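In: Sequence first, then the predicted structure, then my questions.
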Amino acid sequence: MQTYQKGINIVGYTEGMFGLGEAVRLNIAAAQKHKIPLNLINYEKVKKYDNYQYTLPYQVNLVQISLYDLESFFAVIDPIFFKGRYTVLFLVWESEYIAPELGENLHLFNEIWTTSKYCKKIFENIFNNPIIIVPHPVEVHLEPIHNQNKIQFFDKNKFSFLFLFSYHSSIERKNPLFLIEAFKSAFGDNENVELIIKTVGGQHYKKEKKRLQENISKNIKIHDVELDKNCVNHLIDSCDSYVSLHHSEGFGLTLAEAMFLGKPVVATNYSGNTEFMNEDNSFLVNYRLSVIENSDGTFCSKTIWANPLLTDAVDKLREVYNNSDLRQMKANNAGVFVKDKLSFITIGTIIKDRIDYFYSNFEDLVTNQNQNIYFINKLQSAKAENQYLKREIKRMKKNIIIRFILFLKNFIRKIKRKKPMNLSGLSIRNS
């Protein structure tokens, strides 16, 4: 039996300052707790630079990108990536419906890792290979802030609810307008309580940003500002309660981080966050299941997720505010639960055990798969190239000069077809 050097080639947004980047770095940290050898491949550089060099020293690959990245992934990754290797896709999704065109590439992977039973159930509908639950590890370390942000987010004389979201993560899914409605219904103009919404990316979503601003009241503030991770951690640590009345979460990382920091958390009782939130450690809001009301660029009209109920959301917000004993009890339980169940060591153990299994059974796992995967990968690369060319042609056709040239060519062709055929130069020979 051949022996292999144990380790993982990890492909992802390893330096990205956004959700996918943070998620892959959490898995890296969890794996490093168990001293698993890692070879990191920055997917941003793979996409951007044709001459970006990377090696594949290990027989196990972990790909941690978004579902929307898959088509471009097969176009830019070296075809040798799959050959003779067991390849895992780490994937999260936030709707009970996945469009067929998004799921058609999943069969090229040997296995999926995902963050919750909720996500696993979704992927089981379209993926027949193993699906393993690997939650995001959660450990929050508050470092000193050297460059103090000048924004005063909270009024120290008020009870402060906090919600964080990125416009890039789908404003429809994050549901901030409903949160504003619920807060206003719960507290009106009560000057002793405030809601702070910290966003990022608003400059790219001006219409949505304007809608939010138009709906706030005097005790609701919205700050669209970029902060580093340490400042975000301090922001969560400084609030009195964290709240998310989302439609769906594949996991709900900020919710878990707030719980780690001992904050009472209010959230929709649906999707990935219910893996670590329960009635003993959180304030969970009832919902009804429904389709999306306003489809966006991420989620189509067939999207199925939860609509939190306004009356229950109002009750939970008031309960957090009014019942100090209950909120403190649940906050304490939250911190204990997350620190025990979602530590780097705990999640790292899941990763280590799975990697040990791969290398102990490697020959059986990859038998009769490598050649097929190699040629399917080549086919997928051709498909991605074809899609790229179609986009380029579409873009070129929008160019006014190119459109004019195409118009002239078509016009000349029509004129030529209308000209009578000149037969004077032809002769007929009898045989």
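Out: That came through fine.

In: Now do the same contact list for Ile132.
Out: Listed by C-beta atoms under 8 Å, 6 or more residues apart in numbering, the contact set of Ile132 reads Glu111, Ile112, Trp113, Thr114, Ile350, Arg354. For every residue, glycine as well, the C-beta is placed using N, CA and C.

In: The fifth one: which element?
Out: Think Ile350. Per DSSP states H and E, Ile350 falls inside helix 344-360.

In: what's that helix in contact with?
Out: 4, 6, 8, 26-27, 29-34, 36, 59-60, 86, 113, 132-137, 139, 340, 365.

In: if we go to 7 Å?
Out: 4, 6, 8, 27, 29-31, 33-34, 36, 60, 86, 132, 134-135, 137, 139, 365 (C-beta atoms under 7 Å, 6 or more residues apart in numbering).

In: Which ones among these lie within strands?
Out: Secondary structure from DSSP state E places Ile8, Val60, Tyr86, Ile132 of these in strands.

In: Next, format those as a markdown table and append pLDDT.
Out: Shown next, in a markdown table, are those (pLDDT from 0 to 100):
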| residue | pLDDT |
| --- | --- |
| Ile8 | 98 |
| Val60 | 97 |
| Tyr86 | 95 |
| Ile132 | 98 |
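
In: Sort out which residues of the helix holding Ile350 are buried, please.
Out: Using 16 or more other C-beta atoms under 10 Å as the test for burial, helix 344-360 gives Phe344, Thr346, Ile347, Gly348, Ile350, Ile351, Lys352, Arg354, Ile355, Phe358, Tyr359.

In: How about stretch 220-230?
Out: Within stretch 220-230, the residues that count as buried by 16+ other C-beta under 10 Å are Ile220, Lys221, Ile222, His223, Asp224, Leu227, Asn230.

In: beta partners for the fourth one?
Out: It refers to His223. For His223, the beta-bridge partners under DSSP bridges are Lys198.

In: Could I get the contacting residues of it?
Out: If you count contacts by C-beta under 7 Å, 6+ apart, then His223 has Ile151, Phe153, Lys198 around it.

In: and those as CSV, adding pLDDT, neighbour count and distance to Asp312?
Out: What follows is the contacts of His223, written out as CSV (pLDDT from 0 to 100; neighbours: other C-beta atoms under 10 Å; distance: C-beta to C-beta, whole Å):
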residue, pLDDT, neighbour count, distance to Asp312
Ile151, 78, 12, 32
Phe153, 94, 18, 27
Lys198, 97, 22, 25
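
In: so which of these comes closest to Leu106?
Out: Nearest to Leu106 among the contacts of His223, counting by C-beta to C-beta, is Lys198 at 34.2 Å.

In: pretty sure the closest one is touching Leu164, no?
Out: Yes. If you go by C-beta atoms under 7 Å, Lys198 and Leu164 touch, sitting 4.9 Å apart.

In: any idea how far the helix holding Ile350 is from the chain center?
Out: Centroid separation for helix 344-360 versus its chain: 23 Å, with C-alpha atoms, centre = their mean, to the nearest Å.

In: Then stretch 342-351?
Out: From the chain centre to the centre of stretch 342-351 is a distance of 21 Å (C-alpha atoms, centre = their mean).

In: now swap in stretch 40-54 and tell me
Out: 20 Å.

In: Can you show me the CA trace of it as CSV?
Out: What follows is stretch 40-54, C-alpha atoms only, in CSV (Å, rounded to 0.1, in the frame of the first residue of the first chain):
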residue,chain,number,x,y,z
LEU,A,40,-2.7,27.5,1.2
ILE,A,41,-3.7,28.6,-2.3
ASN,A,42,-5.2,32.1,-2.6
TYR,A,43,-8.2,31.8,-4.9
GLU,A,44,-8.3,35.6,-5.6
LYS,A,45,-4.8,35.3,-7.1
VAL,A,46,-5.7,32.1,-9.0
LYS,A,47,-8.5,34.1,-10.7
LYS,A,48,-6.6,37.3,-11.3
TYR,A,49,-3.1,36.1,-12.4
ASP,A,50,-2.5,33.5,-15.1
ASN,A,51,1.1,33.2,-13.9
TYR,A,52,0.2,32.7,-10.2
GLN,A,53,2.2,29.6,-9.1
TYR,A,54,1.0,27.1,-6.6
